[in-house]
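# next input, structure requested:
(4 chains)
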There are 2 protein chains.
Amino acid sequence: MQSQSLQVFREVARLGSITAAARALAYTQSAVSRQIAALEEDVGATLFDRAARGVTLTEAGRCLLGHADAVLDRWETARRDLAALAGLGAGRVRIGAFATAMAALVPRAIAAFQARHEGVTVNVVEGLTPRLLDRLADGDADVAVVSSPPDQPLDAARYRLHHLLDERLLVAVPRDHRLARRRQVRAAELAGESFIAGSADAERTLLRATLPAGWTPRVDIVVREWTGKLGCVAAGLGIALVPALAVRATPADLALVALRDASVRRIHAVTLAGRTPPAAVPELIRELRAVAATLTIPSRPRRTPTPTHVRRT
Amino acid sequence: MQSQSLQVFREVARLGSITAAARALAYTQSAVSRQIAALEEDVGATLFDRAARGVTLTEAGRCLLGHADAVLDRWETARRDLAALAGLGAGRVRIGAFATAMAALVPRAIAAFQARHEGVTVNVVEGLTPRLLDRLADGDADVAVVSSPPDQPLDAARYRLHHLLDERLLVAVPRDHRLARRRQVRAAELAGESFIAGSADAERTLLRATLPAGWTPRVDIVVREWTGKLGCVAAGLGIALVPALAVRATPADLALVALRDASVRRIHAVTLAGRTPPAAVPELIRELRAVAATLTIPSRPRRTPTPTHVRRT
DNA sequence: GGCTGCGATGCGCGAGTAGCATGGCCAGTC
DNA sequence: GACTGGCCATGCTACTCGCGCATCGCAGCC
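As a prediction, this is how the structure comes out:
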């Protein structure tokens, strides 16, 4: 069966004439005649009664007509859906992102994306980088926003990397801390400090690349929850490392100082190499890059201003 | 679009491999590969990601898959419906029949037909022959059971005639009538009788072909309704003509005598020439013929026995 | 590094399908 | 009753499309 045959059939049925249908469809009469004959052969029934003045549907023809309409309509719907998908009027994209990226980067990018493409559904899952890459490989996510230390680059053979930004580390200190007025510090200057950590070795991971040999940050307090962690800093219990992307989520009652020689985490949007992502993904990555640019402040990182061209969610 | 392409697409999607789908469908790998490529070209989207070990659906492919299923299913349904139509598992047939045929002939034929073909809907309209032929021509009926006098044959060019039987005329007389014990009479013997007529000239029509020249049946009473007409006969008010097909509907309190030289009405099942009737029509005509055979009793027509192989409705 | 399995592709052939022209059939007309 | 016009079917020819065959490229594996 060919959709063309059904269209011809439908037109002949509508006009009650092979010749008229041929004219309407810009075919010759013989072509249409043969198309109908072939279709009749195919379905094994006579579809039209031929008379001197045109043709009329037989019972079988009437029966087929309804089905032909349905088949052609559904096929038309399929084409429209695919076109919508390509034109981003429809579709779905599943994003994985690490926790800090969810503070501002990803939500703002999604907001900007959805403002342009209402029809596209966006799902987000937060998780750690390895888990996100697994989801990607399993086909449970279409794009992952992950961070990787410079000394552990992602496997460029398996993944397509779209660099978004290099994230610097800041140090959150109490307002009356000796470093509170500094614009930036070196890691070595933090040697005597007590760190408020999110987990037992999280801070070590963050600092790993630039830690002076043999120097291990002293961690006296472990507070998993972000708000509590910064609360401890504000109360003068210690200092904390703050990824640049999380700056937006820091309260005003503490000071943030750039860590000059800190390791820089590379933030990438990652897709699976050799797999065509949903059409929305490239567009979404563009939005991520745009937002990333507004979040990367070259100097004096305190209080990143809200970018004017990105609406806040 | 071709249904074949969609089937190939579905199989590739199901098996996740072009080669495997080719094996399953008894194609070569290259054929399937090209089919998919052509389909992708057609819909303007990449449907599969090609990898070293098979292929996986893209977003567009997943989108298309649902539609492809629907299209193929509907097409399959169409084929099944058409097959059912041809095999008389479905369909509809509209019968027109003149009044007397509805006494036994048509109902029994329909009953026998429906016993064999439950899925077929049968509609019946009663009417006079000219009106029935009009319905046929207008496509409002598929077959008409009509009677025609031998001297007014139906137009064999416009109609296909399926002869069912030649209907003789009987005379209904009171039980104590001088002719009541006769097996048959000649029309001339009815010269002095008063006819109970269904309409002013109905009896003349019935007798026309064999009326002796110049002889006109005397009609004193006109009773449109069949029961009343025969009631008058039973009460001794006159005699009445009874078409053989109506014998079954005559009460027992009067006598029926065959009219030996009466005009014979030819009863036909008629379809429109040059138009394919519903598949059920030939079958139905067979049933009509079978019933007609049981209704045509060569001698002594009184009390036709109920045919044993035709269930009464 | 050779082997294996998968998909893509150049090539050649056969089937299908288009257009052109013709013929048959029917209806309406002179 | 012959003629004509409209309609559909069909023989013919050319061309395209789609298949199979064979081969190539690539990736993973022993």
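
# which SSE is the residue nearest to residue A:256 when sequence neighbours are not counted in?
Counting by C-beta to C-beta, 6 or more residues apart in numbering or on different chains, residue A:256 lies nearest to residue A:170, which is 4.6 Å off, once chain neighbours are set aside. To be clear about C-beta, it is placed using only N, CA and C from the backbone, and glycine gets the same treatment. Taking DSSP states H and E as the criterion, residue A:170 maps to strand A:169-174.

# can you give me the buried ones in stretch A:104-124?
By 16 or more other C-beta atoms under 10 Å in any protein chain shown, the buried positions in stretch A:104-124 come out as A:104-114, A:117, A:120, A:122, A:124.

# which of these lies closest to residue A:69?
residue A:120 (30.5 Å; C-beta to C-beta).

# for residue A:294, see how far away that closest one is.
Distance of residue A:120 to residue A:294, computed by C-beta to C-beta, to the nearest Å: 22 Å.

# show me what contacts whichever residue of the stretch 151-300 of chain A sits closest to DNA strand C?
Closest contact between the stretch 151-300 of chain A and DNA strand C, by C-beta to the nearest atom of the strand, is at residue A:274 (11.4 Å). Contacts for residue A:274 (C-beta atoms under 8 Å, 6 or more residues apart in numbering or on different chains) come out as B:49-51.

# can I get the residues you listed in JSON lines with pLDDT?
JSON lines is the format used below for the contacts of residue A:274 (pLDDT from 0 to 100):
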{"residue": "B:49", "pLDDT": "89"}
{"residue": "B:50", "pLDDT": "86"}
{"residue": "B:51", "pLDDT": "84"}
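
# contacting chain A as well, which ones from those residues?
When C-beta under 8 Å from any C-beta of the partner chain is applied, the members of those adjacent to chain A are B:49-51.

# what pairs with residue A:172 across the strands?
Beta-bridge partners recorded for residue A:172 (DSSP bridges): residue A:240, residue A:256.

# show me what the next helix-or-strand element following the strand holding residue A:170 is packed against.
Next helix or strand after strand A:169-174 toward the C-terminus (DSSP H and E): strand A:184-185. Packing partners of strand A:184-185 (3 or more C-beta pairs under 8 Å, 6 or more residues apart in numbering or on different chains; DSSP states H and E): strand A:254-259.

# tell me the angle the strand it packs on makes with strand A:169-174.
150 degrees (axes from the mean of the first three to the mean of the last three C-alpha atoms, to 10 degrees).

# could you identify the helix or strand that succeeds strand A:254-259?
Per DSSP H and E, the helix or strand that comes after strand A:254-259 is strand A:265-272.

# would you give the sheet partners of that following strand, along with the direction of each?
Partners of strand A:265-272 in its sheet, by DSSP bridges: strand A:143-148 (antiparallel), strand A:159-167 (antiparallel).

# which among the ones you listed is found nearest to residue A:76?
Nearest to residue A:76, of the strands paired with strand A:265-272 and by C-beta to C-beta, is strand A:143-148 at 31.0 Å.

# now that closest one, how far from the chain's geometric center?
11 Å (C-alpha atoms, centre = their mean, to the nearest Å).

# how about stretch A:240-253?
For stretch A:240-253 - counting by C-alpha atoms, centre = their mean - the centre lies 25 Å from the chain centre.

# may I have that stretch as PDB, with CA atoms only?
Output in PDB follows, covering the C-alpha atoms of stretch A:240-253 (Å, rounded to 0.1, in the frame of the first residue of the first chain):
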ATOM      1  CA  ALA A 240      33.600  27.300  53.800                       C
ATOM      2  CA  LEU A 241      34.300  26.800  50.200                       C
ATOM      3  CA  VAL A 242      31.700  28.100  47.800                       C
ATOM      4  CA  PRO A 243      31.600  27.100  44.200                       C
ATOM      5  CA  ALA A 244      31.100  30.200  42.100                       C
ATOM      6  CA  LEU A 245      27.900  28.900  40.700                       C
ATOM      7  CA  ALA A 246      26.400  28.800  44.200                       C
ATOM      8  CA  VAL A 247      27.200  32.500  44.900                       C
ATOM      9  CA  ARG A 248      23.600  33.400  44.200                       C
ATOM     10  CA  ALA A 249      22.500  31.200  47.000                       C
ATOM     11  CA  THR A 250      24.700  32.800  49.700                       C
ATOM     12  CA  PRO A 251      23.100  35.100  52.300                       C
ATOM     13  CA  ALA A 252      24.400  38.600  52.700                       C
ATOM     14  CA  ASP A 253      25.700  38.200  56.300                       C
END
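
# which parts of it are buried?
For stretch A:240-253, the neighbour count (16+ other C-beta under 10 Å) marks A:240-247, A:250 as buried.

# so which of those residues are in strands?
Applying DSSP state E to these, the entries found in strands are A:240-243.

# redo those as a markdown table? Include pLDDT and distance to residue A:219.
Output for those, formatted as a markdown table (pLDDT from 0 to 100; distance: C-beta to C-beta, whole Å):
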| residue | pLDDT | distance to residue A:219 |
| --- | --- | --- |
| A:240 | 90 | 10 |
| A:241 | 87 | 11 |
| A:242 | 87 | 15 |
| A:243 | 85 | 17 |
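
# can you give me the helices for chain A?
A:3-15, A:18-25, A:29-43, A:59-86, A:105-116, A:129-138, A:202-207, A:226-234, A:280-295 (DSSP state H).

# could you dump the fifth one to PDB, C-alpha only?
Written as PDB, here are the backbone C-alpha positions of helix A:105-116 (Å, rounded to 0.1, in the frame of the first residue of the first chain):
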ATOM      1  CA  LEU A 105      22.700  28.100  35.700                       C
ATOM      2  CA  VAL A 106      20.200  25.400  34.800                       C
ATOM      3  CA  PRO A 107      17.000  27.000  36.000                       C
ATOM      4  CA  ARG A 108      17.700  30.200  34.200                       C
ATOM      5  CA  ALA A 109      18.700  28.400  31.000                       C
ATOM      6  CA  ILE A 110      15.500  26.300  31.100                       C
ATOM      7  CA  ALA A 111      13.400  29.400  31.700                       C
ATOM      8  CA  ALA A 112      14.900  31.200  28.700                       C
ATOM      9  CA  PHE A 113      14.500  28.100  26.600                       C
ATOM     10  CA  GLN A 114      10.900  27.500  27.500                       C
ATOM     11  CA  ALA A 115      10.100  31.200  26.900                       C
ATOM     12  CA  ARG A 116      11.000  30.500  23.300                       C
END
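
# ok now it, how far from the chain's centre?
10 Å.

# and it with chain B, contact?
No - counting by C-beta under 8 Å from any C-beta, chain B has no neighbours in helix A:105-116; the shortest distance is 15.7 Å.

# give me the nearest residue to residue A:50, chain neighbours excluded.
residue B:274 (7.7 Å).

# separation between that neighbour and residue A:52?
9 Å.

# shaky segments in the stretch 51-200 of chain A?
For the stretch 51-200 of chain A, residues meeting the criterion pLDDT under 70 lie at A:200.

# near DNA strand D, which residues of it show up?
With C-beta under 7 Å from any atom of the strand as the criterion, the stretch 51-200 of chain A meets DNA strand D at residues A:52-55.
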